[in-house]
Each structure stands twice: as C-alpha cells, then as structure tokens.
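> Give me the fold of what follows.
(chains A, B and C)
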Amino acid sequence: MTAEAQQVARRGAPGSAGARDAMASVLRVAVPILLALAVGGIILLVLGKDPLAYYGYVARRGLLTWGGLQETLTRMSPLLLIAAGLIVAFRAGIWNLGGDGQFLLAAVITAALAPALVGTLPKVAILVACMIVSAAVAALWAVIPAVLKARYGINEIITSLMMSFLGISFANVLVKLFFWDPSTTVPQTRTLPVEERLPRLFDTTIHSGVLIALAVVILVHLMMTRTAFGLKLQVVGANPAAAVHAGLNVPWLTIATFTLSAALIGLGGSVEILGVFGTVRADWNPAFGLLVVPLVFLARFNGYAAIAFTLFFSALMIGGDSAARRIGVPQHFVLVLVALLLIFLAVVEYLDHQRRKRIGA
Amino acid sequence: MAVPVAAVRNVTKRFPGVVANDGVSLEFNAGEIHVLLGENGAGKSTLIGILAGMQQPDEGEILIGGRPVRITSPRASLELGIGTVFQHVLLVPSLTVIENLMLGGPWWRNLLRGPALARFRELSQLLGVEIDPDAQVGRLSLGEQQQVEIMRALWRGEKVLILDEPTSMLTPQGVKDLGAVMKRLRDKGVALILITHKLVEAYELGDRISVLRLGRLVGALPPERKRAMSEQEVTDAVIEMMFGTVAQHERDAEILVGRGRRTHRARHVDRAGPPRLQARGLATQATRGACPLRGVDFDLWPGEVLGIAGVDGNGQKHLAEMLAGQRAAASGTILLDGRDITADAVPERRRRGVRYVTDERLGEGTVGAFSVATNLVLKEIGAPPFFRRGVSDWDHIHDHARALIKRNDIRTPSEKTPVAKLSGGNIQKVLLARELNAEAGVVIFNKPTYGLDLQNTRLAHERILAGADQGLATIVISTDLDELLEISDRIGVMFQGHLAGIVENGPDVERKVGLLMTGAKAA
Amino acid sequence: MDSLLTEAFLTSLLFGAVTAGVPLLLAGLGEQVSEKAGVLNIGIEGMMLFGAYAGFVAAYCSGSFALGFVAGGIGGALVAALVVLLCIRYGLNQIVIGIAVTLGMEGLTALLHYFQFSRTYPRLDLAPAWALPLLSDIPVLGRALFTHNPIVYLAVLLVIALGWLFRATYIGLNLEAAGNKPAALDAAGVSVVKTRAFAVLATGFLSGIGGAYMANIGAGLFVPFMTGGAGFIGIVLAMLARGRPVWVLLGAALFGISLAMTTALQVAGINIPTDVVQMLPFAMVMLVLVIFARHSVLPPALGLPYVRGER
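Modelled structure (predicted):
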C-alpha cells in the first residue's frame, strides 16, 4: 500500500510541492498513459487495425465534437459520484467493492419513486426526495458489511461483494415483481417524463446532474483535506492502530464512512435515472462500480485528479462506443487500456519508489 | 592455532546515509562464546544479518573453516552450519513445534516425522530441555519458544550459533537457563556468537568480547585476557574502548553497565497526601496473542515513578492500554484524583491529564506516512485551536509543530516530513512532545527506551525524571530491569496478568523482583 | 408442485449443479492456495476468463477437450504470472492489480473473441462424459453425479489432495508459514517470494481450468464476460472455508445447486424470477456471517507484500 501512503504523505504536507515535484507528478501520470496507449496500439496493430486512426477517432468523437463532448460530460456524472464514494471509503482503508449493488438499488428506488410522485410535489422537491431516499437505501445496503467490519473485523471485500451480488439480483426482483410498469412487455419501471427529469444545462443535452456530481467530488475532496472528519478517516485508513491509540471511535467512523460511501454511489445511480434514463429495465447493469476503482487509484484518491481521469475515461467510453461501430474495434478495448494504464502506473510508481530509496531521499 | 570456524574480514556495509559496518574483522572459534557488545545502532544486527544471509556485504569477505564463501541467502547460511536466533520470535504460531523445525525441508518429499523426531530428541538432549514436539508454538511461553528457536538454528548443523539479544524477553531464571544451555553447547564444540548491549551478560557468558561502536570494531578482549580480569576491570576496559575515558561518560557507562555502577534514585515521594491514580481490581478480556489483566491494584502518587517489570507478554500491554483508555475494562475501577474515570474513553482521559507514550512508536504511536506536524496533533483532531468547527487550521498546526520541534530538539528536515523518515530516537521525541505538555498529570511509558541508542536512552530517562520532579505521576513499563532500578521509586512486577507485589526500590530489590517475576509472592 | 419432484427434474437439477459448481470449486480451491500463502488474489476472475478463452480456442482448434483444459490451465497461469511479477515480486497493491487484471482480461478476451469468432460463433461438440462404473447405475444420483467429464472427478479428488497437501507435506508447511509468518519462512531458508509465486501460479492454473470448463463443457462456446462473477464467488468461498478444502466443496455445491435451480425452475415452468433463486446462496452466506459473526480467520499476512527486515 505504498502508493497511498506516499500520496497521503504528500497530502499531509501541503505546499511542499515545488516545480520539480510538480514536473515529477506530471511525468508519473504522463509516462504510464503513453505506455498504455503504446501497448494498446501494438494490440490494435496485431488485430490489423490502425492505432493512430483509432485513437484519433476516439479523441474526435469523445472530446472534439460538440455532440461527443456532451455525451462525455453526461457520462461523467455517475462515474464522478461513484468516484466520490470510493475516495471516501478507500482513504479510510475500507474496500467497498459493492458499488454495483448500491448503484443499481438506488437507481431502481428512484425509478419507482419519481414517476409515482409526479403531480404530488413540486418538481424540485421530487428530484431532491428521490436522491435522498435512494442514497439512504444504498447506505442501508452497506450497513451489514459496515457493522460486520466495525464490530467483528470481518473482511469487507467479501461482504461488500456479496451484498453487491445480492443487490443486483434484488434490484431485478424489485423491477420484475413490484415496480413492473404494466404497459410494457419487457419488465421495466414506469418512465419519468422527460420534462420531470433533471433540467438540462442551457441548450445542451447535458443534464444538471453533472454539476451535482462535480460539486460532490470537490466537497469530498475538501472534506478529506480540510476537515477534522476527513483527517480522522485518513488516520483510520493509514494506521487503524494509531486511530485507536489517538482515541478515535474507529467502529463508528467505519460505519459512517461505509454508509457515506454507499450513499454517494447510490446518489450516482439516482442521478443517472433522473438525468438520463427515467426508468430502469430489468437486468440493466452498467457495472460502473469496478470500472471506477482503477480511476480512483490512478487519481491517488485526489478529487481533482479523479475529475480529470473521469473525463479522460468518459471520453474513451463514448469515443470507443462510436469507434466500435465505425472502425470495428469493440468498446471492450477501453477496458484493456484502463488495465494497462493501471499496471503501468503501478510499475512506474514502484520504480520511482526504488529510485528514491536508492538515493536515500 | 586452529583455524576459526567462521570469520569476517574487513566487512563493510553501507545503507543510505549510514555506514552500518565499517571494515569489521572478527573470528569465531569452536568451543567459544564470542560476545559482540555495543549499543543500539552500533552495527551488531547488520553483522549478523550478513552472516545469516539476510544482507550482502558491500566489501570484505566471510570465511568458513578458512575458506572464503558468499552467503547469498538464509538457506546458504543454514547449509554452512550457521544458525541464527533472531531478536524477535520467528516461528509460525499456528504450527506445532516439530512442524516449525521441519519448515524449510525438501519440498518435494513427504513430511518425514520419524527422522525429525529423532533429531528433535537429539537436540533436546544437547540443550537439556524438555518440550512437547506436538505443542502448538503459539501456546508456548516465550522462553520455550526461544528454546525451539535455538533448536531450529542448530537443526541442520551445529557449527555456529548466533544469538541476537536473546535475554531481552526472559525472566532472570530464564536468563540463567539460557546461560547454562549456551555453556553446554560451547563445551560440545559449538562456536557461539552472542549479541548484547548489556555488559553484565557479556562478562558472565562471554569467553571473548568484541566491542562495536558506530559500525567499527573499537576493541576486543581475547579469552586469556578476559579470564584474568575481574568484573570491574572488564567493565572499565570496555567502557574505555567505547568512550575513550570513563570519567567523561559516566552516565552512558551507567546505562550500559547496568549493575555495579547503578545509582538508585533518591527522592522523597510524599505519600501522605491522596494518591493521584488508584487502580482497583482491574481486569480485561482476553485477546488473541495478549495476556489479559486479572485483578490489578495499585496506588500512584504525584511525583512518583512506579516501575512495572516483568517478562514481555504478562499483561503489561493491556495494563498500559487500559489506563490510557484504549482498552475497555472487564471489571475494576480507575480513580483519578478520586474521580472514577473507568468509563471515560481516550479523549476524556487525555483531557484530564492521562498520557500514554506507547512502545509501538510507528505501529500505533504515529502514522508513518503523515507529516511530523500532523502526528503532533494526532490526539487533538477536531479540537481547538488546531481545528475550528471541524475545519483544519493547517497554518496553526504547522506553527505549533515548528515550536515543538525547536523546543524538543526533534531532528527533522521540516515539520512536513513524513514521520517514518525520522530515526527511532526522533520519533520518540515526537511522541514525548505530544504527550508531555502542560496539562499532563499521569504518564504511562511503555518501554520508553526500547531500540534507542545511548544518547536517546539517556535523554528519555532525563525526560521521565524531570517530569516526575515536576509532580507527574509516572508509570514506566519495561522489560529492562536495570532501567527500572535506575529511575523508579517503586517497582511492581507483572506476572500472568497480576501485578505481583510492589516493592520499594533500594538495596536487595533486584532479588525480590527476580523472585516475583517467576511467580513467587511478594516477600 | 408435482413437477418439482419428478426424477427428470431432480436429475437435471443435480446435473446442472455439478456443471455450475465445478468452476466455482476449482476457482475456490485455487484461491484457497493463494490465501493460505498470504496473497489476496482478486484477479482470479480475469484468470478464469482468459483460461476460458484459451481453453476454448485450444479445444476448438485441436478438437481435444483434454488439450482444452491444459490450455485453459496454462492460460490462467500466464495471467497469474503477471500478478506474480507485479504483486509478489514488486510488492504492488494486490487489490488494485487484481482489479486491473480482471478488467484487462474482460476486455482482451472480448476483443480477441470479436476478431476471431464474432461472425461465426462456433460451438464445440458435446463433451465426452465418463460414466463411473456401478455408481452411475444408481437411480437419479447416478445420472446426475457420476456421468461427467473426467475433469469433474479430478476436481473432487483435488479436494482430498489439497487437504493432504496442506496438512501433511512440506509444501503445506511452507504455504502456512508464508501466510502466517513470512519472516519465519524466510529465516528457515525458504524464499517467501518463490512460495507465494508458485501458490499464485497454481491458483491461475486451477481457475484457468475452471474457466475452460465453463466454456467447453458448461456452454460449449466462448462468450465474452461469460464467467459473470464466478471468480468473485470463488474468493468468497475460499475466505469462508478458512483453509479447509472440504468447505470449498460444500460452498461450491450450494452455489451450484442454486445456479442450476434457476434454469431448472424455468424448465419446470415455475413462475418466479430467477433472481430470487440467485439471491439465495448469497443471502444464506450473509445470514451465516451475521448470526455466527466472529473474527474471520484469515492469515495475518494476507494481502501484505513481504519485505525482508520489515515486520
């Protein structure tokens, strides 16, 4: 866990980053990105595709055309909220790998609740109520792993994964047995009318959930770096024994962190429904949960860096989708790129660490 | 003269920023106990690391039976007949004795219990000990575990046996037993290397004494010379090797020597007034790997230093943690100035002046990756003036840190340096700076000088005594009896979770404490 | 409800349970080896997936199921080799690299599949089954449990073999020490890195075979993302089994039955969503954890890289 330790160390020492350090941090990210793109390019060559054409097309469709950029920014909102949730948990040393279940359950609750409330409350109230209730349900879904970890020290990787599988199935059960819109043949919830969804930004297709997501990520970042609560979480994450020694209420912090993390991820699911789909179809699962884990690591749990990586990744996803149709490289290639990026980042970090150890810095 | 079983010649080993061994040459002979003496950080551990195959020397050579060899791995070391008993127990607690001894056998074979048991009996006889080969190691006492370690070190040959600070976790009786085992092995022709920082042990056990300081060999007493000298003469000779003269470094020498030159602390604690801290019937829940408390009672007055002696693992950890508020009491009460604080958690107790300087400086005392500044406020997170309405005031935290760094002479590049980059002595200073502020009333020190070099040991002792002189009620937990004899007013002994008697420091206290450590009732 | 108790229904249910359970068993046993040695192998899903792909390609090209399993095992071990290099050799974070490996293999196999088979979607012939003499004549159970591909029997034998390996061999001692007190293993002259490396390679090999079984026997073809979390279930099984292979077998059976139940119920025309049945094993495991919540017994050094001299 040296990567986080270093990152935390750097954080705990704000202001020390000189120009050389800044340069080094840029290199530490730029080199892995270039290496990942290069190795990805070789894979494309082997498959008989022109890597430059592919990357060019992805960049154009994902970032450089107005339509593509709008899609990219729209895609960012669930990813950012999941990232915010993961940052909270990971910084506290809690491996919440149950994101998919939390996300989907919240999405289903929103999809069930929102259309039912239409007409009873003002629009803003409905939107806010849906977000709060869905986030609360997601948080509730994390209570069992949280308590098991806090009280009995049971590994949360296993319990959150199981709750995730459970949550995914349960979300489907909810759609199929309880919230099935009778007017549809394929099981799905009632659809929230477009005019009742999150308002669009100006004349774009981007919904305002993106702003909520950005605000949440920045707030989480500030909470982590500027508040006592954030510092407490970081102590728990970096050295649980020290947290006990310092008199922190570790079980309570664990439960608070876990549920907060799940609530933020759930908010992501809610916003995705309120902003984009308006309904949940049975067996729908974008499986963003695990996808965002690498992004958060690439960003070293830094909120601002997470925004940058999410933008990069969203553009890859959106551009990759188009490229799949146009150039004939399936969008799964994006997964390969992310994996390569993560591996190279870890290796570069390791080499850098070794180098610094050698010079005794 | 016979060829030495093992020898190092001009061995140099450098680490970033330190030369751990600087051109060291030593010889180890069969049938001889060779003591390597030196304070923490003198380079003893590096030297045995090299012999044990854990580290490679940068320069110089190792000779086994006169033949130069390269010891590239622990396995190579074992195969050359060099066995090492490390300072910390290196046995797998979940395996049995015999399984631990078989560990490292040829993996392509089935476990051969028969031959292993035969070898076990052979070694039991050689050592003169009796242990159940099928007992789970985690359930053995530390002394027994050490005997298993010695067996393991001798398992594949009994040419050279290295013992790294082997007495630090033993009772006085255990130390005697170990001495007997060592002499037995010596008489059977094993070359023994004993690493210690205690002159007493060096004198009692060693045939040959070599003194290391700052990575260099600064002197040696060959057997014929040592035999002809009294304890006092050996002591003077060694101190002269280490420091040049005796006079200038009297305090260092005292710490080093322990017995013989010890000055008992002569102060007058006023026990007429009410005690600051009262413990009544303290007990804790058993946890894995730690001995719980069973009915601990004591009173502690302001300005008093109560030493807690005992072999590691007899409940000291729980006692410290419970007094600090880190561990819940199963029963019993703690009164601070007559007020019941049993139910208070760490923050409340800290507010009332209870301080705990832990022995696990990086393990729990600090967060290694965090800055010195953050660690200095680690127990004040959320409290003003460093945090206002839950928001961190980093400027204030850093100013505070700079002031403490200056006042406590903490050697760090800056207050923003991660604390793990500091030396052990400086990390200890960070802890002391954090705990011993103006509001302190009761301080618990757990092994306050563990792993520190002489200078920092002395500083820590001075700090403890200065605090007591200002009226702090002080508890010092240590496995180093000499240390307690030097700084305590009274000494209590932890034995299997009980506080087995508290005796006034003074003449003959050592014998009484030694008895208590073996479980005898207070005399 | 009569249809539930027919012989045909029970046979198909149990047969399906074996088919669904064997990959979980192999993955769980493999993960158990890693965990024993102190490695938390989150990348097992990726190893299964690549094993499935490699196994399918080999079986498809050679026509030999045996070769398919070998290729699957080797494929899984190759992915494991990457984990060995990054996590064991370089000491990088096992969870991060594990997730990277899983994502990467999901992408890579989907990509390769797309370029090779997306137009043809080839299928393998029915796999040869080996009816165990006598046992296969037992009514219901015989057909369901004792007429399977030989690899199934091997997997069950592996449970016994691993139990013996863990308890009665030097390898078992080494694994135990590597997970419990790596420094002790190092001091005993055994390389912690090598021990863990072999453990992870074994995990890759076993889960790769599990993946190949899913593709070649279970489905008869390779489908992207086909493991669908089986690797993660394997991790869960290994963690709950606390070092005992028999418990992995029981867990795999439990999950196998409920997975088979989902298809069997559909066939039987029972009208409840398959998701309800799918939830059962997870709910059961969580319930067990909640009711008998105790400190989970995991090796103390699990997930931590070993650096000599650091404790």
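> For chain A, see how far away residue B:297 is.
Distance check for residue B:297 against chain A: by C-beta to the nearest C-beta, to the nearest Å, it reads 25 Å. Just so you know, the C-beta spots here come from the backbone N, C-alpha and C atoms, and that holds for glycine as well.
> likewise residue B:154?
Taken as C-beta to the nearest C-beta, the span from residue B:154 to chain A is 36 Å.
> Mean pLDDT per helix and strand in chain C: which one sits at the bottom?
helix C:141-145 (a mean of 77; mean pLDDT, DSSP states H and E).
> Which positions within it qualify as buried?
C:142-145 (16 or more other C-beta atoms under 10 Å in any protein chain shown).
> Kindly export it (C-alpha atoms) in CSV.
The C-alpha atoms that make up helix C:141-145 are tabulated as CSV, following Å, rounded to 0.1, in the frame of the first residue of the first chain:
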residue,chain,number,x,y,z
LEU,C,141,-27.9,-39.7,-8.5
GLY,C,142,-26.1,-41.9,-10.9
ARG,C,143,-27.0,-39.9,-14.0
ALA,C,144,-26.7,-36.6,-12.2
LEU,C,145,-23.4,-37.0,-10.4
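> Run the chain-centre distance for it.
22 Å (C-alpha atoms, centre = their mean, to the nearest Å).
> same thing with stretch B:32-52?
So, by C-alpha atoms, centre = their mean, the centroid of stretch B:32-52 is 15 Å from its chain's centroid.
> what's the average pLDDT for that stretch?
Stretch B:32-52 carries an average pLDDT of 87.
> again, but for stretch B:72-92
Stretch B:72-92 comes out at a mean pLDDT of 89.
> With stretch B:116-125 instead?
90.
> what does it rub up against?
B:97-98, B:101-102, B:130-131, B:133, B:151, B:154-155 (C-beta atoms under 8 Å, 6 or more residues apart in numbering or on different chains).
> how about a cut-off of 10 Å?
B:97-99, B:101-102, B:105, B:112-113, B:129-131, B:133-134, B:147-148, B:150-156, B:158 (C-beta atoms under 10 Å, 6 or more residues apart in numbering or on different chains).
> filter those to the buried ones?
B:97-99, B:101-102, B:105, B:129, B:131, B:133, B:147-148, B:150-156, B:158.
> out of the residues you listed, who's near chain C?
B:99, B:101-102, B:105, B:152-153, B:155-156 (C-beta under 10 Å from any C-beta of the partner chain).
> Where does pLDDT dip in chain C?
C:1-5, C:293-300, C:309-311 (pLDDT under 70).
> Backbone dihedrals for the closest residue to residue B:217 other than its chain neighbours, please?
Spatial nearest neighbour of residue B:217, excluding adjacent residues (C-beta to C-beta, 6 or more residues apart in numbering or on different chains): residue B:24 at 5.1 Å. Backbone torsions for residue B:24, taken as degrees, to the nearest 10, come to phi -90, psi 130.
> quick one: buried residues of stretch C:247-260?
C:247-260.
> Please name the residues that touch the residue of the stretch 301-450 of chain B found nearest chain C.
As assessed by C-beta to the nearest C-beta, chain C sits closest to residue B:363 within the stretch 301-450 of chain B, at 9.1 Å. Residues counted as contacts of residue B:363 (C-beta under 10 Å, 6+ apart) are A:239, A:241-242, A:245, C:311.
> Most widely separated two among these?
Among the contacts of residue B:363, the pair separated by the greatest distance (C-beta to C-beta) is A:245 and C:311, at 17.9 Å.
> More neighbours: which of these two?
residue A:245 (24 against 9; other C-beta atoms under 10 Å in any protein chain shown).
> ok, the more buried one touching residue B:346?
Yes: at 7.7 Å, residue A:245 counts as touching residue B:346 under the criterion of C-beta atoms under 10 Å.
> so what sits against both of the two?
Joint contacts of residue A:245 and residue B:346 (C-beta under 10 Å, 6+ apart) are B:321, B:324, B:326, B:356, B:379.
> sorry, back to before: which among the contacts of residue B:363 are in contact with chain B?
A:239, A:241-242, A:245, C:311.
> burial measure for the closest residue to residue B:377 other than its chain neighbours, as a count.
Nearest residue to residue B:377 in three dimensions, chain neighbours excluded: residue B:386, at 5.0 Å (C-beta to C-beta, 6+ apart). Look at residue B:386: counted by other C-beta under 10 Å, it has 24 neighbours.
> for residue C:48, same thing?
Residue C:48, neighbours per other C-beta under 10 Å, totals 39.
> cool, and residue B:115?
10.
> Ramachandran angles for it?
Torsion angles, degrees, to the nearest 10, at residue B:115: phi -60, psi -40.
> Check residue B:493 too.
Dihedral angles for residue B:493 - degrees, to the nearest 10 - are phi -120, psi 130.
> what residues are up against residue B:276?
B:299-304, B:335-338, B:353, B:441-442, B:471-474.
> quick one: residue B:491 is in a strand?
Yes: under DSSP: H, G, I helix; E, B strand; the rest coil, residue B:491 falls within a strand.
> ok now do it, which residues does it touch?
Counting by C-beta under 10 Å, 6+ apart, residue B:491 has contacts B:305-310, B:476, B:478, B:481, B:484-485, B:501-506, B:509-510, B:512-513, B:516.
> mind redoing it with 7 Å?
B:307, B:309, B:484, B:502-503, B:505, B:509, B:513 (C-beta atoms under 7 Å, 6 or more residues apart in numbering or on different chains).
> same deal with residue C:15?
Applying C-beta under 7 Å, 6+ apart to residue C:15 gives the contacts C:143-144.
> May I see the buried residues of the helix or strand containing it?
Assigned by DSSP states H and E, residue C:15 belongs to helix C:7-36. Buried residues in helix C:7-36, counted by 16+ other C-beta under 10 Å: C:9-36.
> about what we covered before: helices - which of the contacts of stretch B:116-125 land there?
B:97-99, B:101-102, B:113, B:147-148, B:150-154 (DSSP state H).
> Quick one: the residues you listed as TSV, columns for pLDDT and distance to residue A:340 too.
Supplementary listing: the ones in helices among the contacts of stretch B:116-125 in TSV, determined by pLDDT from 0 to 100; distance: C-beta to C-beta, whole Å:
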residue	pLDDT	distance to residue A:340
B:97	94	49
B:98	94	48
B:99	93	43
B:101	92	46
B:102	91	44
B:113	85	49
B:147	87	53
B:148	92	48
B:150	89	51
B:151	90	50
B:152	90	45
B:153	88	47
B:154	87	51
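> Residue C:217: which of these is nearest?
For those, the nearest to residue C:217 is residue B:99 (39.1 Å; C-beta to C-beta).
> Appreciated, that's everything.
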